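1. got a predicted structure here, sequence first:
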Amino acid sequence: MKRLILRFKDLPAITLVAILLLFIYVPFVWTVSTSFKGPQEWAVRPPTLIPSNPTLANYMVQFMPLPREVYGSWYEAYGSAVPFILNSLIVSGMTVLAVAFLSITITYLSKTSSLVDRLSPTLVFIDAIPKITVALGFLWLFTVLRGLYDSYQGLSFAYIAETIGLSLVALRLFYDRIPVDIEQSMMLNGYGRFRAYLSNLLGNCRTGLALMLFLTFILSWQDFTYALILTNFRSTTTVRLASFTHEVGELFGPRAALAILIALPSLVLTTLLWSRLREYYPAVQLYEYTVRQKFSRRGWAHILMDGLFLILYGLLLVVPFAMTAFYWVLAPSPTPLVDRLVAQLLKYWDAVTRSAYYLALSRTWAISGLTLLATSAAGLLIAYLTVFRGERWGRYIFPLMMIPLFIPPIVSGYTFRILFYPSGPVESFISGIGLRTTSLLADPMGAFLGVTAANIWSSTPFAVLIMYSGGRTVNQELWMSSIVMGAGRLRTFFTVVVPQISKYLLLVALLVGIHTFEIFDIPYIMTFGGPGTATETVSFYIYTNGLRAGDLPFASALSVITGLIQIIFTLTLLRLIRKAG
């Protein structure tokens, strides 16, 4: 087995990797440490990483009331988190079952229907629309379909729309690599078409099924935006984490423990699936993409299946956005249609002429730009090590940087709230080096940088994963020729390697841009958009000035405009990626 060899000329790159790993692990480790601290250590100065008197009370209070005479008054008003955990498990379980059934069925139909084959991949585009826009569409839809608001079925329906696209991609990523003659051999041996498909899927695509179930569960379990807008009494654990307050101060210990409990399923499932993906990877490499044979489409059954798929497609992708845009025109009302149309157009005019909206949009773009610069730098560092030091460097390093990818954004926001709090380690470090500072979260620039840092932390794995893949595709002969001709490594990297991985950089810009443009969870729990409007992103602006203010037509107008901006951004980058090969 080859071992990693350290050389002196690799010291700068290794130092940068060490700094990046510290940036990734310190916030998470500090949150874990806080979850074991007692009330006396939550706000102690200077803060300590290792609790002097570790306690499990912060975890116990999530499941049972703690006696005041033993644990004091801090835990008395916290209340149990069990109902919220059960709500999350029920909704996530319903979503997993529904998405599994739909994904397996749609994948089968794509073999026999060109319509399904062409339209099903576009379901993933719902992820390119800001969540606040889609959530508002479902809110309007649930006012028409009575009984779905604040219900398991309604929230699960929203989660199905959010996860079905990625689940289909994950399943077909593996299924489409399986040679078609396997199913044809089964059919020659007497298997029916569907039985042959199902046997092949369960026998040769178990990792694809596992990845599909994993993505569905994690995306449902981690959600905050849909649960906040579409539920009231049946809220999930993420809403519980963001909404709890106490009159005597912030209960850092119990909230940190709840944050760890929310992140724990993601981390455990990721660890289990990671070993399976590594085991399956060599076998996947042996398969080539195949153009699957389309069976002839004859008979009313095929037409019926296409019709049902189009209905499902409309409900999941088209109807939510259409309800957001045209609800006040389409909804039954005694007001004449012309008057309603004029009123809605005035709301659109009000939205496009508000300077506060453009300020929120500019703040969102500023966070996106800073996040893209930081994450691209991290990704390029991994690509550099992968190209010049061999794939094994990237293979060992990039899994260590995946932790933030599977931690909910709401947990990321609270993690950095702990770090930037007046009694947190960031202010203590600044004071320790002799710089005077006010409370960072009370200062507009400090709060903005804190939210940006939390967003960079949660976005870094996207760039690392993509650029590691890009580094493995670089033509070795080109960069080695450049080295032989006398160019240094840095010059070779930026003049020879970077042009070859430009499409991967564009893909990083696409994913990070989509992830950041809809940022809502992090400013909600860190600063609630403050101080003032310093961290008010465009999604948070829609929430506070539309939904929270009760002006739903104005929220609809803002959501549609924001959604169109995001769609244009996504389509533009996709076009650039196609041009880059």
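-> Looks like it came in fine.

2. Glu162 reaches Thr225, doesn't it?
-> No: with contacts counted by C-beta atoms under 8 Å, Glu162 stays clear of Thr225, the gap being 9.5 Å. Backbone N, C-alpha and C define where each C-beta goes, glycine included.

3. need the residues touching each of these two.
-> Listed as contacting both Glu162 and Thr225 by C-beta atoms under 8 Å, 6 or more residues apart in numbering are Lys131.

4. point out where the protein drops to low pLDDT.
-> Within the chain, the ranges that satisfy pLDDT under 70 run 1-10, 69-70, 244-249, 274-299, 329-332, 390-396, 398, 436-437, 581.

5. remind me which helix or strand the residue nearest the centre of it belongs to.
-> For the chain, His515 is the residue whose C-alpha lies nearest the centre (C-alpha atoms, centre = their mean; 6.5 Å). Assigned by DSSP states H and E, His515 belongs to helix 502-517.

6. for that helix, which helices and strands make contact with it?
-> Judged by 3 or more C-beta pairs under 8 Å, 6 or more residues apart in numbering; DSSP states H and E, helix 502-517 is in contact with helix 355-389, helix 444-471, helix 552-579.

7. just how off-centre is the first one within its chain?
-> Chain-centre distance of helix 355-389: 16 Å, with C-alpha atoms, centre = their mean, to the nearest Å.

8. how is this structure partitioned into domains?
-> With domains defined by automatic domain parsing, the chain comprises 82-238+250-327, 338-581.

9. in TSV, list those domains along with distance to Ala13.
-> Formatted as TSV, these follow (distance: least, C-beta to C-beta, whole Å):
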stretch	distance to Ala13
domain 82-238+250-327	24
domain 338-581	6
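
10. report how many residues lie close to the closest residue to Leu141 other than its chain neighbours.
-> Once flanking residues are discounted, Leu141 sits nearest to Met323: 5.1 Å by C-beta to C-beta, 6 or more residues apart in numbering. Residues lying near Met323 (other C-beta atoms under 10 Å) number 22.

11. ok so, going back, out of the helices and strands packed on helix 502-517, deepest packed?
-> Across those, averaging neighbours per residue (mean count of other C-beta atoms under 10 Å) puts helix 444-471 on top, at a mean of 23.

12. I'd like the next helix or strand past that helix.
-> Using DSSP H and E, the helix or strand that follows helix 444-471 towards the C-terminus is helix 476-484.

13. could you give me the buried positions within that following helix?
-> Neighbour-count burial for helix 476-484, with 16 or more other C-beta atoms under 10 Å as criterion, is recorded at 479, 482.

14. how about stretch 172-189?
-> Under the neighbour-count criterion of 16+ other C-beta under 10 Å, stretch 172-189 has 172, 174-178, 183, 186 buried.

15. and the residues you listed, which of them are in helices?
-> Those of the buried residues of stretch 172-189 mapping onto helices are 172, 174-175, 183, 186, per DSSP state H.

16. from the residues you listed, which is closest to Tyr421?
-> Taking C-beta to C-beta as the measure, Tyr421 lies nearest Phe174 of those, at 44.1 Å.

17. ranges for the helices of the stretch 101-250 of the chain?
-> Ranges of helices in the stretch 101-250 of the chain, per DSSP state H, counting those that start in this stretch, are 114-119, 131-144, 152-175, 181-188, 193-204, 206-222, 225-230, 237-243.

18. likewise for the stretch 251-400 of the chain?
-> Per DSSP H, counting those that start in this stretch, the stretch 251-400 of the chain carries helices over the ranges 252-286, 300-313, 319-330, 337-352, 355-389, 391-397.

19. distance to Asp127 added to those helices, as CSV?
-> As requested, those are exported to CSV (distance: least, C-beta to C-beta, whole Å):
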stretch, distance to Asp127
helix 252-286, 18
helix 300-313, 15
helix 319-330, 13
helix 337-352, 24
helix 355-389, 16
helix 391-397, 26
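
20. which stretch among those helices comes nearest Thr15?
-> Across the helices of the stretch 251-400 of the chain, closest to Thr15 is helix 355-389 (C-beta to C-beta), at 10.5 Å.

21. now for that closest one, which elements pack on it?
-> If you count contacts as 3+ C-beta pairs under 8 Å, 6+ apart, helix 355-389 packs onto helix 11-34, helix 391-397, helix 444-471, helix 502-517, helix 538-542, helix 552-579.

22. quick check: which of those helices is nearest to Ser368?
-> Across the helices and strands packed on helix 355-389, the minimum distance to Ser368, taken as C-beta to C-beta, is reached by helix 502-517, at 4.2 Å.

23. whichever helix or strand comes after the closest one packs against which elements?
-> For helix 502-517, the succeeding helix or strand toward the C-terminus, using DSSP H and E, is helix 521-526. Where contact means 3+ C-beta pairs under 8 Å, 6+ apart, helix 521-526 is packed against helix 237-243, helix 409-420, helix 444-471.

24. got the ones you listed as a markdown table, with distance to Phe23 columns?
-> Below are the helices and strands packed on helix 521-526 laid out as a markdown table (distance: least, C-beta to C-beta, whole Å):
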| stretch | distance to Phe23 |
| --- | --- |
| helix 237-243 | 23 |
| helix 409-420 | 11 |
| helix 444-471 | 7 |
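
25. closest one to Phe388 among those helices?
-> Nearest to Phe388, of these and by C-beta to C-beta, is helix 444-471 at 9.2 Å.

26. measure Ala453 to Leu441 for me?
-> As judged by C-beta to C-beta, to the nearest Å, Ala453 and Leu441 stand 12 Å apart.

27. overlap in contacts, those two.
-> Between them, Ala453 and Leu441 share no contacting residue, judged by C-beta under 8 Å, 6+ apart.

28. for Gln476, find the nearest of the helices of the stretch 101-250 of the chain.
-> Nearest to Gln476, of all the helices of the stretch 101-250 of the chain, is helix 152-175, at 26.4 Å by C-beta to C-beta.

29. okay, buried residues for the closest one please.
-> Quick answer for helix 152-175 (16+ other C-beta under 10 Å): 152, 154-172, 174-175.

30. same deal with stretch 100-108?
-> So for stretch 100-108, counting by 16+ other C-beta under 10 Å, buried means 100, 102-108.

31. and stretch 308-320, by the same measure?
-> Neighbour-count burial for stretch 308-320, counted by 16+ other C-beta under 10 Å, picks out 309, 312-313, 316-317, 319-320.

32. give me the residues contacting it.
-> Residues outside stretch 308-320 that contact it (C-beta under 8 Å, 6+ apart) are 102, 106, 109, 113, 115-116, 119-120, 122-123, 125-126, 134, 137-138, 141, 160-161, 164.

33. again, only using 6 Å
-> With contact meaning C-beta atoms under 6 Å, 6 or more residues apart in numbering, stretch 308-320 is reached by 116, 119, 123, 126, 134, 137-138, 161.
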